[in-house]
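> got a sequence here, can you model it:
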Amino acid sequence: MYLPFFPLKLIVFPGEEFNLHIFEPRYRELIGDVEQLGTSFGICFYLDNLTGFGTEVILKQVSKRYEDGRLDIRTEGKRIFEIKSFDNPSPGKLYAAGEVAFKELDYKAARKTHLEYVFYLKEMLFLLNHHVNFDPAEVNSFSFAHKLGLSLEEEFELLKIPKEEDRLNFLILFFKRMIPAIKAIESAKEKIKLNGHFKHLDPLDF
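Next up, the predicted model:
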């Protein structure tokens, strides 16, 4: 499949809704073409350079059009792809485009693994002050990936794992590493607060 490309230094996960502010002429042209033709486009992942992977996204809504041509848009991530060719620019266009091959992702995991993931997910979200209600049965490895404090490199690594079971185990290991560290930081903060206040201490009986 031949897709228009929008390289960005971020990861977009399947099923994720993502807002973009469009200001460069080439990407205003890209969104105009997508809107007119009803097609999708690809957000290509850029770390230190193009990674060769991206996410197909659909345009859900143009939220605002500015007088100078800028746009605020709402998109949704769909399928992960690997870039097979990269034309910069695409013939007759300002923006890049290329052939992509879509990756098959598995979303099945053992019940035990999923329950363990949800247990740690709730604790992690609580520690990070993300107070959200969700149905555990509807949560997958990508549902809260951007709220967990993963580095860009870790998000990219997660995205490339094809099986849900392996993605959940990847996140469980991340939780087991990070939750104790966050708790230690919070404990240190509380000790620092106490050091700044008058304390009532019972005298020792010698």
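> okay, the residue positioned nearest the centre of the chain: pLDDT?
By CA atoms, centre = their mean, the mean C-alpha position of the chain lies nearest to His146, the distance being 4.1 Å. Per-residue pLDDT puts His146 at 90.
> buried ones in the helix ranked longest in the chain?
With secondary structure taken from DSSP state H, the chain has its longest helix at helix 164-195. Under the neighbour-count criterion of 16 or more other CB atoms under 10 Å, helix 164-195 has 164-165, 167-172, 174-175, 178 buried. For every residue, glycine as well, the C-beta is placed using N, CA and C.
> and for stretch 87-99?
For stretch 87-99, using 16+ other CB under 10 Å, the buried residues are 90, 95-98.
> same list (those residues) but as JSON lines, adding secondary structure, pLDDT and distance to Glu82.
Below are the buried residues of stretch 87-99 laid out as JSON lines (DSSP: H, G, I helix; E, B strand; the rest coil; pLDDT from 0 to 100; distance: CB to CB, whole Å):
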{"residue": "Ser90", "secondary structure": "coil", "pLDDT": "93", "distance to Glu82": "18"}
{"residue": "Tyr95", "secondary structure": "coil", "pLDDT": "94", "distance to Glu82": "19"}
{"residue": "Ala96", "secondary structure": "coil", "pLDDT": "95", "distance to Glu82": "16"}
{"residue": "Ala97", "secondary structure": "strand", "pLDDT": "96", "distance to Glu82": "15"}
{"residue": "Gly98", "secondary structure": "strand", "pLDDT": "96", "distance to Glu82": "11"}
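> ok, so of those residues, who is nearest Gly52?
Looking at these and their distance to Gly52, the nearest is Gly98, at 10.5 Å (CB to CB).
> could I get the full set of helices for the chain?
Taking DSSP H, the helices of the chain run over residues 25-37, 111-127, 152-160, 164-195.
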